[in-house]
Structure formats: C-alpha cells, structure tokens
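# Need coordinates for the following:
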Amino acid sequence: MKIKEEKQLWKTVLAQIEIKLDAPAQFKTFFNETKLLKIADNSAIIGVPNPYTAEWLKTKYENIIKETLSYVYGDPLSPVFQVYQREISVPVAYSDKSPLLSVENGMAGNLMEIISKSGINPKYSMSNYIVGNSNRIAHAAALAVIDKPGAIYNPLFIYGKTGVGKTHLAQAIGRAVMERNLKKKIVYTTSEGFLNDMVKGIKTGQTEKFRQRYRPVDLLIIDDMQLISKWIATQGEFFNMFNEMYNAGRQIIFIADRKPEDIQNIESRLRSRMQGGMVVDIAQPDYETRLAILERKSESSGVHLKNQVIEFIARSVNDNIRELEGALQKVALFNQLKPSGELTLEEVAHTIGKDSQARREKIKVPKVLKEISKNFGVSVKEIKGSGRTKEVALARQVAMFILREEFNYKLEEIAKFLNREDHTTVMHGIDKVKSKMLIEDGFNLQVAKTITAIHDSAAIGEEDL
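Next up, the predicted model:
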C-alpha cells in the first residue's frame, strides 16, 4: 500500500476503535501517537512512541486492534508493535538477554525504556498491585526490601501457584527500587536463561565475562527457580556467585512455584541459602481481592461493565489472577461487540465457561443449601421448613436468590426444592434479597462470600448431603 493509503486506513481504524472503547482518556493516552508503518505478510506494523505503549497495547487492546484492522482492510491482519523513534524500528521484546542498565554522565534516560532494558515489564508496579489476605505478608516483605535492598530479607523467596501474582510483585520491587535511584542496576531473568548463560560461559571459556554481567547487579530477580534442579552440574558455580552477591550486600529475589524444601535435586548448601532470608507464599486470592483486582483493571483499561457483572466474574473465577483478568478482557470484548446492548449474566457465564448448566451438573442443590446454612447460622431443615423467624426467612430467601441467579433453576423447581407451595413466594423472596443487596453492602458481601464458598466446596470435593 502507498503511504497515503496506509494513513487513511489507520485513520479509519482509529476512528472505529475510539467508538468501541468509549474511553477518551485511554484512547488519547495509548492511541493518539500511533501510526501504521506498513503492511507485509498478513501483518500490520504499528509504530508506537515507546516500549511502555507497545506492551500496553499488546496486553490490553491487541484483539480489538486485530479485529478492527482486519475488518477495515478486508483481509486478516495481525498487529506487530514497533517503537518508531529509533533509526531502525525493532519489535519490542523483554528477555533475560536485555543489556544491563547504563547511566551516562549521571543522567538516566527515559524511565520506561530503562525499566524495559532491565527485563522488567513496565505494567508491573507496586501502585497497581492489589493487596489482600492471600498476599499481605509477601507485600509487607516487598516493602521492606524496597526500603532497604540487600540489608533485610536477603534473599527474598516468593512462591505460589501459577498466576497468583508472584512475578508482578517481584518485578514491582525492581521497578520501585529503580524509581528511587535510577543508577541502580537491576536484572530480571528466568533460571533457565540465567543458567544457559552460565553454561555458555563455561563452555566457551568466558566464565569471567558471564560473572561480570551479573555480579555488579544491585538487584537480581530470578524466576522459575524450581527449574534449577535440571542443572545439577552448575549449582556449585551458582552458589559461589550467589555468595559473592550476598556478601556484597546485593539483593536477590527468587520466584518459584514451590517452597525451597520442596525443590528436588539441589545442593543442601544452596537450599539453605534460599531459606536464609525470607520465604513468603502467595495463595489464591479470596473474593474481596478478586473483586478489587477486577475493579482496578476495569478502571485502568477503560472497561465499562455493570457492577453485577464484575461481581459475577469475581465469584466465578477463583483459580488465579491471570485467568481472572483474561475473563474480564473476554467479557469486555464480547460486551462491546454485542449489537443489542450489554451481555446478560447468563451470556457472561457462557462466555467464560461458567454457565448455569455446567454449575448445576457440578454442584447439587443439597450442597448449595449446606453452605447457605453454614453462612447464615440456620439448619438446612429450618430453611426447608415452615419457620418464619427473621433469620430463617432471610436464609431461605438467599437460597431462592442463589438457586435462581447463580444456577438458573426455574421458579417452580426452586419452590419444590424448598417445600414451598407457590412459586410466587420464590419471586417475592428473590426480590427481597435483590433490594437488600442494593442498600446494604455488608449483606451484599455476605451473599457473595456464600456463593464463593459454594464453588470452593465443590472444588475441593466435599461430599453432598
């Protein structure tokens, strides 16, 4: 395509994206300075002003850009983001091979570019890290390291299951240290990248060159530390380098999917070193944390969804943060594409694979009533009985609400489950709960926790009544 045609194409694409986003601040920040450089091999090379914008567009808006580009162009196109200020535009990439930070004449370059060169993802910061019961201790340890790197909690060993925010927290520490002092040299890498460099140095007789790459670093972050067990022969060299950095007061952060004592085939002295600082775990986020994460992500991404949709996603997706954010992005995209308006809760559930039919097959009514009984302090027998005390009536109405809204049972079915003669009683009970949830935040949270408990009990395989 000619340059003039490419400009017009991109202008049309941007106009459509601006309408789809309906978020002027987000659009102005991340799209205003973009341009279409060329189209080649089914790819659209999109110029961006800095690595931070490239990372943000790829993470947050790649699907919208791809869909709109392909529609306007008439054939499938995949976006590739390149920084255009440089003499030769190259794709943005973050890897352990990135050069170490450099400061000339005591003056640092653009902060985001320096962060990127360290291997740290610019989107990770302490300000957008959501703190909850599952990560409170790890967060406190992180703040201590930021305040006195190398002097307290060295090494810091962070472990937890995939997708719970370990890498986010570790890289946020690096970024915070760098923001306080741009002269600090910081490197983030994986254990595989680190050890491959080490092996290469040993094989080529350039061990000293390898050592000089890492040992001057003020803060070294090594991810996937559990994989070190694959390199038994190089653990001695790693231990020696670790000791030198530790003795020089340089901060080391390890990230792994398990605690040090559970990593197999590593030298006892190395395991002891890993345990010698602070070992903290990050558990799966609870409902309040998941809700806070979704609200923050919605705000920062310019996503506009109803509160009940956000709450539904927070209740339904409880495995890890990565899956949670993916569900939010997917729902937001489908919500924008729906021509007749916003998605219903049932459509949201289907979109993220949490529809009511699947839930009904997995979780039976007795289990639902059992968890409601626990959370509202009345027995299942009372819920299904004829008692009309305030506590019993409320628990019964909550059961009606959850069976209808969460599992989509018919009103007549719910009446039968709860030994009610008339389904209009069920309708009245559901309306009462909805009204109470609108005006009482505490009650709203209690219902949400009950729903989460129902799903969690099913996940751990409790027996049905």
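# residues contacting residue 445?
For residue 445, the residues meeting the contact criterion (CB atoms under 8 Å, 6 or more residues apart in numbering) are residue 288. Heads up, the C-betas are built off the backbone N, CA and C, glycines and all.
# Could you give the backbone dihedrals for it?
Main-chain dihedrals, residue 445, degrees, to the nearest 10: phi -70, psi -40.
# So it versus residue 256, what's the distance?
Using CB to CB, to the nearest Å, we find residue 445 at a distance of 34 Å from residue 256.
# cool, and residue 205?
Here the distance between residue 205 and residue 256 works out to 31 Å (CB to CB).
# okay, those two: which has more neighbours?
residue 256 (23 against 8; other CB atoms under 10 Å).
# For the more buried one, give the beta-bridge partners.
With DSSP bridges as the criterion, the beta-bridge partners of residue 256 are residue 159.
# what's the spacing between it and residue 167?
Distance, residue 256 to residue 167, by CB to CB: 11 Å.
# Equivalent analysis for residue 429, please.
As defined by CB to CB, residue 429 lies at a distance of 45 Å from residue 167.
# Which one's more surrounded, the two?
Between residue 429 and residue 167, residue 429 has the larger neighbour count (other CB under 10 Å), namely 23 against 19.
# Identify the residues contacting that one.
Residue 429 makes contacts with 396, 397, 400, 401, as judged by CB under 8 Å, 6+ apart.
# among these, who's most crowded?
residue 400 (28 neighbours).
# how is the chain carved up into domains?
For the chain, whose domains are defined here by automatic domain parsing, the residue ranges read 3-83, 111-281, 294-345, 359-459.
# In TSV, list those domains along with distance to residue 352 and mean pLDDT.
Shown next, in TSV, are the domains of the chain (distance: least, CB to CB, whole Å; pLDDT from 0 to 100):
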stretch	distance to residue 352	mean pLDDT
domain 3-83	15	82
domain 111-281	15	86
domain 294-345	4	83
domain 359-459	12	88
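# okay, those in TSV with distance to residue 288 next?
Compiled in TSV, the domains of the chain are given as follows (distance: least, CB to CB, whole Å):
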stretch	distance to residue 288
domain 3-83	24
domain 111-281	6
domain 294-345	9
domain 359-459	8
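# closest one to residue 287 among these?
Residue 287 sits nearest to domain 359-459 of all those, at 4.5 Å, using CB to CB.
# for stretch 433-452, how far is the first residue from the last?
Terminal residues of stretch 433-452 are spaced 17 Å apart (CA to CA, to the nearest Å).
# what about that stretch, distance to the chain center?
In terms of CA atoms, centre = their mean, to the nearest Å, the centre of stretch 433-452 is set 25 Å apart from its chain centre.
# Going forward, count from 627.
Sure thing, new numbering starts at 627, so read that last one as stretch 1059-1078.
# List the buried residues in it.
For stretch 1059-1078, the buried set under the neighbour-count rule, 16 or more other CB atoms under 10 Å, comprises 1059, 1062, 1063, 1070, 1072, 1073, 1074, 1075, 1076, 1077, 1078.
# ditto for stretch 796-814
Using 16+ other CB under 10 Å as the test for burial, stretch 796-814 gives 796-804, 810-814.
# Output that stretch as CSV, nothing but the C-alphas.
Extracted in CSV, the C-alpha atoms of stretch 796-814 (Å, rounded to 0.1, in the frame of the first residue of the first chain):
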residue,chain,number,x,y,z
ALA,A,796,8.9,-9.3,42.3
GLN,A,797,9.1,-7.0,39.2
ALA,A,798,7.3,-4.3,41.1
ILE,A,799,10.0,-4.4,43.7
GLY,A,800,12.6,-3.9,41.0
ARG,A,801,10.7,-1.0,39.5
ALA,A,802,10.3,0.7,42.9
VAL,A,803,14.0,0.4,43.7
MET,A,804,14.8,1.8,40.3
GLU,A,805,12.4,4.7,40.6
ARG,A,806,14.1,5.7,43.9
ASN,A,807,17.5,5.6,42.3
LEU,A,808,18.0,5.3,38.6
LYS,A,809,21.6,4.4,39.0
LYS,A,810,20.7,1.1,40.5
LYS,A,811,21.4,-1.8,38.2
ILE,A,812,18.6,-4.3,38.1
VAL,A,813,18.1,-7.5,36.1
TYR,A,814,15.1,-9.8,35.8
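# can you tell me which of the buried residues of stretch 1059-1078 are in helices?
Within the buried residues of stretch 1059-1078, membership in helices is found for 1059, 1062, 1063, 1070, 1072, 1073, 1074, 1075, 1076, 1077, 1078, as judged by DSSP state H.
# Let me have those in CSV, adding distance to residue 971 as columns.
Output for these, formatted as CSV (distance: CB to CB, whole Å):
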residue, distance to residue 971
1059, 15
1062, 18
1063, 14
1070, 15
1072, 19
1073, 14
1074, 14
1075, 18
1076, 17
1077, 12
1078, 16
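# Nearest to residue 659, out of those: which one, please.
Sorting those by distance to residue 659 puts residue 1074 at the head of the list, at 40.8 Å, by CB to CB.
# Which of the helices or strands spans residue 898?
helix 894-900 (DSSP states H and E).
# What is that helix packed up against?
When contacts are defined as 3 or more CB pairs under 8 Å, 6 or more residues apart in numbering; DSSP states H and E, helix 894-900 packs onto helix 861-873.
# Other residues contacting the helix it packs on?
In contact with helix 861-873 (CB under 8 Å, 6+ apart) are residues 780-781, 821, 824, 828, 833, 837, 840-841, 843, 846, 854, 857, 878, 892-893, 895-896, 899.
# Stretch 941-961 too?
Taking CB under 8 Å, 6+ apart as the criterion, the residues outside stretch 941-961 that touch it are 686, 689-690, 787-791, 794, 910-911, 913, 916, 919-920, 923-924, 927, 929, 931, 935-936, 939-940, 968-969, 973-975, 977-978, 980, 1032, 1074, 1077-1078, 1081-1082, 1085.
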